[in-house]
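Colleague: Sequence and predicted structure are below.
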Amino acid sequence: MLIVFFTPISINIEEFVSSDVGLFVPTEPLLFGMLLLMIFNQLKRNQFDRAFLIHPITLIFIAQLCWIFLTALTSTHPLVSFKFLLTKFWFIIPIYFFGVHFFKEEKNVTRFLWLYISTLAIVVVYTLTNHAINGFDEASGHWVMFPFFKDHTSYGAILALMYPVLFGLLFSKKRGPLVRLTLIFLIVLLGVGIFMSYTRAAWLSLVGAFAIYLLIRFKVRFRYLAIVGLAGVLYIAASWTQIMHNLERNRSEHATENLDERIESIANISTDASNLERLNRWGSAIRMWQERPILGWGPGTYAMEYAPFQLASGKTIISTNSGNMGNAHSEYLGPLSEQGLLGMLLMLLLVGYIMYTGITLYIRMPDGEMRIILITLVLGLITYFTHGILNNYLDTDKATITVWGMTAIIVMLDLKYPKAKKRED
């Protein structure tokens with residue numbers, strides 16, 4: 001609980017010391033200590049139930065860690081890759097493996113959420129105050145959340161991740177007037193924070209999550225979605241030339257305070273430097289994979305290897321060869337370039353199974369507080385995993401602790417309400 005409380009206000013020491021060591025304090029040292037305690041305790045006695053160990057999500061996590069270890073052995077930068085593996089261990093084992101046990105006491109679920117939201121709200125107040133001092137202009141909106149978040153995109157992603165959860169806490173059970181007012185205040189506060197983050201992907205991810213909620217709420221059958229999806233694919237294929245011409249004529253820039261222009265800029269692949277650089281990074285990741293398709297270049301090595309794979313025609317005014325401007329900008333193409341095809345497939349399988357488990361669990365769970373909280377956790381994860389198409393933050397504590405913590409809650413409830421106990425309705 002202390003780790004969760006400190007996560008939103010943790011700071012990366014890399015930003016303040018002249019070294020290449022990135023470490024979020026105090027969370028990562030605490031996680032490492034917790035990892036050691038769990039290992040020592042496991043040597044004394046088995047801490048995990050068989051049902052948990054054979055759960056599909058647990059098995060995918062284990063397969064993912066094993067594959068990262070194997071690709072680290074063949075990495076172009078073994079030291080970097082094994083450090084990457086170590087961070088995966090101290091994120092996944094304490095948060096997911098111990099988390100499922102921790103959340104068996106259901107009041108720990110709401111404690112986890114309240115603790116994280118309480119300090120996240122402090123960060124939002126700090127950010128909005130800084131932003132107000134700078135006149136709420138778009139340029140300052142990129143850095144006013146520092147040092148708690150590196151930039152506005154990671155800040156917006158985490159706010160979007162937690163936003164549906166606030167509604168879950170508000171509507172999951174009858175609460176006193178003070179708690180209800182507090183939650184309403186937090187909904188307004190984080191809503192303003194998301195809007196003023198100028199993060200287009202966060203806005204889109206919330207719209208997508210709401211659309212998924214409507215599909216679940218009104219029990220739209222999968223076959224109807226498949227028909228609509230197929231019709232959409234056929235239409236795009238038939239109109240591809242016209243669509244590309246329209247995209248090329250789009251000149252709206254994301255660096256504007258005009259909301260309409262900022263939304264329109266999402267589809268600008270002609271002049272918007274942010275969009276073009278993202279395409280440059282994706283193209284580099286795919287070309288890296290083509291050269292080393294089986295084992296990739298090594299976990300955590302994208303930033304050090306992608307420069308030669310950039311095309312001159314794809315570079316932008318913000319392109320760099322030094323690897324200091326982020327990674328592959330995708331939770332899926334990053335593993336593809338670093339861990340080969342299987343690395344990406346394991347990530348897609350993990351995301352898909354988390355979503356499948358959460359949605360089918362919601363359908364069969366009995367009405368109550370946990371059922372409402374569950375669906376908002378699923379919606380929050382939908383915002384992150386759709387955001388993950390455009391950005392990647394699972395190498396940071398702020399994303400990993402919440403994403404894998406929410407996953408642990410879903411698995412705990414899945415074990416508690418097995419498929420045999422379906423609701424009669």
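Modeller: Now that the structure is in, tell me what you want to look at.
Colleague: what ranges do the strands span in the stretch 101-250 of the chain?
Modeller: Assigned by DSSP state E, counting those that start in this stretch, the strands in the stretch 101-250 of the chain number zero.
Colleague: now the stretch 151-300 of the chain, which segments are flagged as low pLDDT?
Modeller: Low-confidence regions of the stretch 151-300 of the chain, defined by pLDDT under 70, span residues 236, 239-271.
Colleague: let's go with 80 and repeat that
Modeller: Counting by pLDDT under 80, the low-confidence segments of the stretch 151-300 of the chain come to 221-226, 228-230, 232-274.
Colleague: what ranges do the helices span in it?
Modeller: Taking DSSP state H, counting those that start in this stretch as the criterion, the stretch 151-300 of the chain contains helices spanning 152-171, 177-196, 200-217, 222-238, 240-249, 259-264, 273-291.
Colleague: and Ile373, how far is that from Phe167?
Modeller: Counting by Cβ to Cβ, to the nearest Å, the separation of Ile373 from Phe167 is 10 Å. Where you see a C-beta, it was placed from the backbone N, CA and C, and this is true even at glycine.
Colleague: Which one's more surrounded, those two?
Modeller: It is Ile373, of Ile373 and Phe167, that has more neighbours when counted by other Cβ atoms under 10 Å, with 24 against 18.
Colleague: contacting residues around the more buried one?
Modeller: Contacts for Ile373 were tallied using Cβ atoms under 8 Å, 6 or more residues apart in numbering; they are 109-110, 113, 165, 168-169, 172, 409.
Colleague: One more pass at 7 Å, please.
Modeller: Contact partners of Ile373, counting by Cβ atoms under 7 Å, 6 or more residues apart in numbering, are 109, 168, 172.
Colleague: Please give the element, helix or strand, for the closest residue to Gln47 other than its chain neighbours.
Modeller: Take Gln47 and drop its neighbours on the chain: the residue closest to it by Cβ to Cβ, 6 or more residues apart in numbering is Asn41, 6.1 Å away. Here Asn41 is covered by helix 27-44, with elements defined by DSSP states H and E.
Colleague: for Gly22, same thing?
Modeller: Following DSSP H and E, one finds Gly22 outside all helices and strands.
Colleague: Report the separation between the residue nearest to it when sequence neighbours are not counted and Thr320.
Modeller: Among residues not flanking Gly22 along the chain, Glu14 sits closest, at 4.1 Å (Cβ to Cβ, 6+ apart). Using Cβ to Cβ, Glu14 is found at 17 Å from Thr320.
Colleague: Tell me the buried residues in stretch 121-129?
Modeller: Burial within stretch 121-129, assessed by neighbour count using 16 or more other Cβ atoms under 10 Å, is assigned to 121, 123-124, 127-128.
Colleague: One more: stretch 353-363?
Modeller: Neighbour-count burial for stretch 353-363 flags 353-355, 357-359, 361-362 (criterion: 16+ other Cβ under 10 Å).
Colleague: now, which of the residues you listed lie within helices?
Modeller: Within the buried residues of stretch 353-363, residues falling in helices by DSSP state H are 353-355, 357-359, 361-362.
Colleague: Dump those to CSV, plus distance to Gly229 and pLDDT.
Modeller: Formatted as CSV, these follow (distance: Cβ to Cβ, whole Å; pLDDT from 0 to 100):
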residue, distance to Gly229, pLDDT
Tyr353, 20, 96
Ile354, 21, 97
Met355, 16, 95
Thr357, 22, 96
Gly358, 20, 96
Ile359, 17, 94
Leu361, 24, 96
Tyr362, 22, 95
